[in-house]
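> can you look at this prediction? I've put the sequence above it.
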Amino acid sequence: MSHLPLEESGLPATALDMHRAIGALVAALQALDVNSQRFEACTDPELRRVLAHAGDTSRREAAMLFEWMRRRDARLDKEMKEALFKAGPIVAQFHYDETVK
C-alpha cells in the first residue's frame with residue numbers, strides 16, 4: 001500500500017470514484033446499524049418515529065450506492081443479478097459444500 005494520499009496514488013478516476021462509493025456505503029451501513037440499535041432501545045414513540053425515518057434514509061442511501069456501484073462494475077453486476085431476489089437457501093445458488101452447517 002502506498003503512503004501517498006489516494007488522490008495522488010496514480011489510480012484512474014474510476015477507481016477513485018469506486019473507492020469513494022465504497023467508503024460512503026460503509027458509512028451508510030454503519031449509520032443504519034447505529035440507528036437500528038437506537039430505535040430498538042428507545043421507548044419514546046415520537047423519537048422512535050424519528051429514528052425509524054433516519055434508518056430508512058440510511059437504507060435508501062445504501063441502496064443507491066449499491067446501484068451506482070453495480071452499474072459501473074460488470075463483475076459486481078453479474079454477482080448481484082445471480083444472488084439477489086431469489087427464493088430458497090441463499091448459498092444454494094453458489095453450489096457451496098452441502099456439509100457446511
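Looks like it came in fine. Residues are numbered from 1 along each chain as shown.

> can you tell me what sits against the helix or strand of the chain with the lowest mean pLDDT?
Least confident element among the helices and strands of the chain, by mean pLDDT, DSSP states H and E: helix 74-83 (a mean of 95). Residues outside helix 74-83 that contact it (C-beta atoms under 8 Å, 6 or more residues apart in numbering): 66, 69-71, 90, 93-94. Using the backbone N, CA and C atoms, a C-beta is placed for each residue, glycine as well.

> 7 Å instead, please
69-70, 93 (C-beta atoms under 7 Å, 6 or more residues apart in numbering).

> export it as PDB, just CAs?
Extracted C-alpha coordinates of helix 74-83, given in PDB (Å, rounded to 0.1, in the frame of the first residue of the first chain):
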ATOM      1  CA  ALA A  74     -19.600  -5.600 -14.500                       C
ATOM      2  CA  ARG A  75     -18.500  -8.400 -12.200                       C
ATOM      3  CA  LEU A  76     -20.500  -7.000  -9.300                       C
ATOM      4  CA  ASP A  77     -23.400  -6.600 -11.600                       C
ATOM      5  CA  LYS A  78     -23.200 -10.300 -12.500                       C
ATOM      6  CA  GLU A  79     -22.900 -11.400  -8.900                       C
ATOM      7  CA  MET A  80     -25.800  -9.200  -7.800                       C
ATOM      8  CA  LYS A  81     -28.000 -10.400 -10.600                       C
ATOM      9  CA  GLU A  82     -27.200 -14.000  -9.800                       C
ATOM     10  CA  ALA A  83     -27.600 -13.700  -6.000                       C
END
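
> just give me how far that helix sits from the chain centre.
How far helix 74-83 lies from its chain's middle: 14 Å, per C-alpha atoms, centre = their mean, to the nearest Å.

> next: stretch 73-88.
The answer for stretch 73-88 is 14 Å, by C-alpha atoms, centre = their mean.

> with stretch 26-36 instead?
10 Å.

> contact partners of it?
51, 54-55, 58-59, 61-62, 65.

> mind checking which of the residues you listed are in helices?
Counted as lying in helices by DSSP state H, out of these, are 51, 54-55, 58-59, 61-62, 65.

> can you put those residues in TSV and add pLDDT, neighbour count and distance to Thr43?
Output for the ones in helices among the contacts of stretch 26-36, formatted as TSV (pLDDT from 0 to 100; neighbours: other C-beta atoms under 10 Å; distance: C-beta to C-beta, whole Å):
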residue	pLDDT	neighbour count	distance to Thr43
Leu51	97	20	11
Ala54	97	17	17
Gly55	97	19	17
Ser58	98	20	21
Arg59	98	16	23
Glu61	98	17	27
Ala62	99	18	27
Leu65	99	20	32
